[in-house]
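> Everything below, folded, please.
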Amino acid sequence: MKNKLSDLNNHLFAQLERLGNEALTGEELAKEIERSNAITSLAKEVISNARLVLDAQRQYDSGNMHKPHELLEVQKK
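Reported below is the predicted structural model:
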């Protein structure tokens, strides 16, 4: 699976649209809010990971890092 940050952005906006549905009430609304909280939590982790990869790439590109950690899969182009 090849997900991109743009996919995350699309999911977040879709969730925002679902939360804006004024027809949702009671239990349906509570479930949507719970789903939104879960999505938000996961999105923060994805963004944090992307920031780490970007920072590692910047360090590598600037010559401050001899060899990036394999887990980050950062390659000099």
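> can you pull the buried residues of the lowest-mean-pLDDT helix or strand in the chain?
Least confident helix or strand of the chain, by mean pLDDT, DSSP states H and E, is helix 26-61 with a mean of 91. For helix 26-61, burial by neighbour count (16 or more other CB atoms under 10 Å) applies to Ile39, Ala43, Ala56, Gln57, Tyr60. Glycine gets a C-beta too; all of them are placed from N, C-alpha and C.
> The second one reaches Asn9, doesn't it?
No. Assessed by CB atoms under 8 Å, Ala43 is found out of contact with Asn9, at 9.1 Å.
> just checking, what packs against the least confident helix or strand of the chain?
The contact analysis (3 or more CB pairs under 8 Å, 6 or more residues apart in numbering; DSSP states H and E) places helix 26-61 against helix 5-19.
> What is the helix it packs on packed up against?
helix 26-61.
> The helix it packs on: how far from the chain's middle?
4 Å (CA atoms, centre = their mean, to the nearest Å).
> quick one, that helix and helix 5-19 angle?
160 degrees (axes from the mean of the first three to the mean of the last three CA atoms, to 10 degrees).
> Please give me every residue in contact with Ala43.
Applying CB atoms under 8 Å, 6 or more residues apart in numbering to Ala43 gives the contacts Leu8, His11, Leu12.
> If I look at His69, what pLDDT would I see?
Predicted confidence (pLDDT) for His69: 60.
> okay if I get the buried residues of helix 26-61 as a markdown table plus distance to Leu29?
Shown next, in a markdown table, are the buried residues of helix 26-61 (distance: CB to CB, whole Å):
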| residue | distance to Leu29 |
| --- | --- |
| Ile39 | 15 |
| Ala43 | 20 |
| Ala56 | 41 |
| Gln57 | 41 |
| Tyr60 | 46 |
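> My guess is Gln15 contacts Ser36. True?
Yes. Because the distance of 5.4 Å satisfies CB under 8 Å, Gln15 is recorded as touching Ser36.
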